[in-house]
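[1] Fold the following and give me the result.
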Amino acid sequence: MKFSDLGLSPELLAGIEKLGFETPTPVQGEVIPYLLDNDDDVVALAQTGTGKTAAFGLPILEQLDLTHCAPQALILCPTRELCMQIARDLQSFASCMPEVKVLAVYGGADIRRQLDALSAGVQIIVATPGRMLDILRRKRADFSFIERVVLDEADEMLNMGFEEDIEAILSSVNDIAQTLLFSATMPKEVAKIARNYMEDPHEITVGSRNAGAENVSHDYYVVHAKDRYRALRRIVDFYPRMYGIVFCRTRMETQQVSDHLRKDGYSAEPLHGDLTQMQRDSVMKKFRDHHVQILVATDVAARGLDVNDLTHVINYNLPDDLAAYTHRSGRTGRAGKEGISVSIIHMREHHKINRLQKALGKKFTQKPVPTGEEIARVRLMAMAERVRDWTGGPGLIDNYLEELTAMLADLSKEELIKRFVSIDMHRMLLFYRDAPDLNVQPSERQSEPRRKDGPRESGREKRENHEPRQMTAGMVELVMNVGKVNGVTPKKLMAMVNVADRDKSIEIGRINIVKMQSYFEVPRGDAMDVIDSFTKSYVDCEGRQVSVAMAGNTKSRPNKPKRKGSPSDGKPFDKFKDKPRKGGRGQGGPRKRR
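    As a prediction, the model looks like this:
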């Protein structure tokens, strides 16, 4: 099948041909013909990097009314980077359709320019939920003529806490508009959006639900926690042509790992929420141009990255849920190329690997951490291959060749090779000459010791009976008034924090969830903001209002939660006035059928 077989207009086909595309990907081959012939709602499940933008973008462009310069399609996506990428792709597809106007709307940019562009007239809006909702509340966007709404990377948007924003935006769109939901995974939150805001959607699944990319192999290395960075360095050295992303849990860890790599001579840059937008753009440009070999990033900062040539994704720490791992590993193995997803785990994380294997239905291979001798051999062979395949232009050293030959005449061929290689790789060979084995031996894999006088202590007993553990530098510990009995998980805790504090994404460090409470670290400068955000907003966990205080401070323990719907002023609780009723868009009841 070719794009010319899908029923697209000559103008669109010409734009696609300019980009060098001829054959649609599987998701494009299934979605495009269906959208061209049907106006039903669609749920499409496919991995990142499979061409979803063209799958929904080409039908939208094909069905635009080019005589009418008003918003006809709205595309929501989780991050600024993805928003800009989708807008660029649509403009590239429509390069032979000068009447098409696409606008990217996102936070971190001058809203006045975006409002002016909206007033001038556009047919397609690509937006992040927060900025789009801001514009709607200013009454500066007219959705009267919206015919299609796309939720791209829906699972990512929900993981970032955008559910209420999405609901408010969808309630502003005509009930008869076609809704297209694209996602790599189908968690219950995505299913809820589909159930509440879509009418009998047609599902298109490419591959298996919640499965990883087919072209990605999954390797893991087991080391002591203290050897994690040394293992990372050996993995990078073992793959001389690596071009990849190292994923870390926190901004602080991201910066530290990046600093260590650069100090050790690697081409690495960090990408996290503490960078300004100008710094983020600069880092991404250098990475896309291959001027940076390794990008060290948090999950939030890396969402929406679209780089096709990645060879490796390295999980410096495993994420807490399947969806995050799926998105990480899906950054490599794109466009038909093969990729490797690497995880560095410590001795007690085998259960996470087993859980991922079962959920993804893919084999994870344990690899031994390369020894110094293995790395030296690989690097020497890679250098020899570069020398053998080098095709430098003539005349570069011709004028000096006779003099050089005379100077080195007393050295044999073997001695010349030895000396040139040693000079070039002296530092690495010296570093690994006596390098220890980092692999965990079977005899070291012991279970956690039990108390002599009884069973193992619970998390709450440890916290109450033992001295507080050492805080991570620059972090303080907060306590939340809900715990395991309320169904709190690390993922749920992070989502609640970011829902309460909507102004920024809060970095969360170590988490300890016990029976009745949850303890978590945040940067010292963000602690009071987090506490205040829970005081000012209603966050619910299994019917219990959540509150937060400084851990270890008896004067600031979480307050007894107020009953839902009865805040201190006695007025009914109504934070989200325009939140749609369950079962339909807006306030007018169930959705109309087409």
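[2] use CA for all of it now, contacts and neighbours both
    Will do.
[3] Do I have it right that Val292 meets Ala268?
    Yes: assessed by CA atoms under 8 Å, Val292 is found in contact with Ala268 at 5.8 Å.
[4] Which one's more surrounded, these two?
    Ala268 (23 against 18; other CA atoms under 10 Å).
[5] quick one, phi/psi of the more buried one?
    phi -140, psi 150 (degrees, to the nearest 10).
[6] quick one: it from Gly333, how far?
    21 Å (CA to CA, to the nearest Å).
[7] Could you do Val488 as well?
    34 Å.
[8] more neighbours, those two?
    With neighbours defined as other CA under 10 Å, Val488 and Gly333 compare such that Gly333 has more, 26 against 21.
[9] hey, what's the residue lying closest to the more buried one once chain neighbours are set aside bridged with?
    Nearest residue to Gly333, sequence neighbours excluded (CA to CA, 6 or more residues apart in numbering): Gly339, at 4.2 Å. With DSSP bridges as the criterion, Gly339 is bridged to Val216.
[10] I'd like the distance between Gly339 and His218.
    Where His218 is concerned, Gly339 sits at a distance of 9 Å (CA to CA).
[11] which of these two has more neighbours?
    Between Gly339 and His218, counted using other CA under 10 Å, Gly339 has the larger neighbour count: 24 against 18.
[12] show me what contacts the more buried one?
    Going by CA atoms under 8 Å, 6 or more residues apart in numbering, Gly339 touches 215-217, 310-313, 332-333.
[13] Neighbour-wise, give me the winner out of these.
    Going by other CA under 10 Å, Thr332 tops the contacts of Gly339 with 30 neighbours.
[14] so that one touches Thr311, yeah?
    Yes: when contacts are counted by CA under 8 Å, Thr332 is listed as touching Thr311 (6.1 Å).
[15] Common neighbours of the two, please.
    Listed as contacting both Thr332 and Thr311 by CA under 8 Å, 6+ apart are 338-340.
[16] Between those residues, which sits nearest Tyr229?
    Ile340 (18.7 Å; CA to CA).
[17] what about that closest one, neighbour count?
    21.
[18] tell me the pLDDT at it?
    We have a pLDDT of 93 for Ile340.
[19] Please tell me I have it right and it contacts Asp309.
    No: contact between Ile340 and Asp309 fails when scored by CA under 8 Å: they sit 11.8 Å apart.
[20] Can you check which residues contact both of these two?
    With CA under 8 Å, 6+ apart as the test, Ile340 and Asp309 both reach Thr332.
[21] How about the contacts made by Cys83?
    So Cys83 contacts 76-77, 104-106, 126-128, 304 (CA under 8 Å, 6+ apart).
[22] quick one: what helix or strand has it in it?
    For Cys83, the host element (DSSP states H and E) is helix 80-93.
[23] For that helix, list every residue counted as buried.
    Going by neighbour count (16 or more other CA atoms under 10 Å), the buried part of helix 80-93 is 80-87, 90-93.
[24] mind putting those residues in TSV, distance to Phe520 included?
    Putting the buried residues of helix 80-93 into TSV (distance: CA to CA, whole Å) gives the following:
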residue	distance to Phe520
Arg80	28
Glu81	29
Leu82	30
Cys83	32
Met84	34
Gln85	35
Ile86	36
Ala87	38
Leu90	42
Gln91	44
Ser92	45
Phe93	46
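[25] Looking at those, spot the one nearest Arg524.
    Arg80 (27.2 Å).
[26] so how far is Arg288 from the closest one?
    Separation of Arg80 from Arg288 (CA to CA) stands at 16 Å.
[27] Can you tell me the SS state at Lys286?
    State at Lys286, reduced to three classes by DSSP: H, G, I helix; E, B strand; the rest coil: helix.
[28] you'd agree Ile344 is in a helix?
    No: counting by three-state DSSP, Ile344 is not part of a helix but strand.
[29] Please name the bridge partners of it.
    For Ile344, the beta-bridge partners are Tyr221 (DSSP bridges).
[30] Run a quick check on it versus Lys226, I expect a contact.
    No: the criterion here is CA under 8 Å, and Ile344 misses it with Lys226 at 11.6 Å.
[31] Just want to know which of those two has more residues nearby.
    Neighbour totals were compared for Ile344 and Lys226, and Ile344 leads with 24 against 9 (other CA under 10 Å).
[32] residues contacting that one?
    220-223, 228, 231-232, 314-318.
[33] before we move on, what about Gln279?
    Contact analysis of Gln279 by CA under 8 Å, 6+ apart lists nothing.
[34] That one - that's part of a helix, no?
    Yes: the assignment for Gln279 is a helix, going by three-state DSSP.
[35] returning to what we had before: among the contacts of Ile344, which are in strands?
    Applying DSSP state E to those, the entries found in strands are 220-222, 314-315.
[36] among those, which two are most distant?
    Farthest-apart pair in the ones in strands among the contacts of Ile344 is Val222 and Ile314; separation 13.5 Å (CA to CA).
[37] per the record, what domains does the protein have?
    With domains defined by automatic domain parsing, the chain comprises 3-205, 216-372, 459-556.
[38] From the chain's centroid, how far away is the last one?
    What it means is domain 459-556. The chain centre lies 23 Å from the centre of domain 459-556; the measure is CA atoms, centre = their mean, to the nearest Å.
[39] So what does Pro98 look like in phi/psi?
    With angles defined as degrees, to the nearest 10, Pro98 sits at phi -60, psi -20.
[40] how much space between it and Leu36?
    For Pro98 relative to Leu36 (CA to CA), the value is 21 Å.
[41] Checking my notes, Glu373 in a strand, right?
    No: applying three-state DSSP, one finds Glu373 to be helix, outside a strand.
[42] and it, how far is that from Asn439?
    According to CA to CA, Glu373 and Asn439 sit 14 Å apart.
[43] ditto for Asn354
    Distance, Asn354 to Asn439, by CA to CA: 19 Å.
[44] higher neighbour count, those two?
    Per other CA under 10 Å, whichever of Asn354 and Asn439 has more neighbours is Asn439, with 17 against 12.
[45] Hmm, that one is touching Gln366, no?
    No: look at Asn439 against Gln366 with CA under 8 Å: they stay out of range, at 10.9 Å.
[46] Name the residues contacting each of these two.
    Joint contacts of Asn439 and Gln366 (CA under 8 Å, 6+ apart) are 221-222.
[47] Kindly provide the distance from His260 to Gly108.
    From His260 across to Gly108, the span is 29 Å (CA to CA).
[48] Neighbour count for the two, which is higher?
    His260 (14 against 11).
[49] and stretch 255-268, C-alpha only, in PDB?
    C-alpha atoms of stretch 255-268 as PDB (Å, rounded to 0.1, in the frame of the first residue of the first chain):
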ATOM      1  CA  GLN A 255      21.500  17.300  36.800                       C
ATOM      2  CA  GLN A 256      24.000  15.300  38.900                       C
ATOM      3  CA  VAL A 257      24.200  12.400  36.400                       C
ATOM      4  CA  SER A 258      24.700  14.900  33.600                       C
ATOM      5  CA  ASP A 259      27.400  16.800  35.500                       C
ATOM      6  CA  HIS A 260      29.200  13.600  36.200                       C
ATOM      7  CA  LEU A 261      29.100  12.500  32.600                       C
ATOM      8  CA  ARG A 262      30.400  15.800  31.300                       C
ATOM      9  CA  LYS A 263      33.100  15.800  34.000                       C
ATOM     10  CA  ASP A 264      34.200  12.400  32.800                       C
ATOM     11  CA  GLY A 265      34.500  13.600  29.200                       C
ATOM     12  CA  TYR A 266      31.200  12.500  27.700                       C
ATOM     13  CA  SER A 267      29.000  14.700  25.400                       C
ATOM     14  CA  ALA A 268      25.900  15.000  27.700                       C
END
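[50] follow-up on the earlier one: what is the nearest of the buried residues of helix 80-93 to Gln47?
    Leu82 (14.9 Å).
[51] I'd guessed the closest one sits against Leu305; true?
    Yes: applying CA under 8 Å, one finds Leu82 in contact with Leu305, separated by 6.4 Å.
[52] anything in contact with each of those two?
    In contact with both Leu82 and Leu305: no residue, using CA under 8 Å, 6+ apart.
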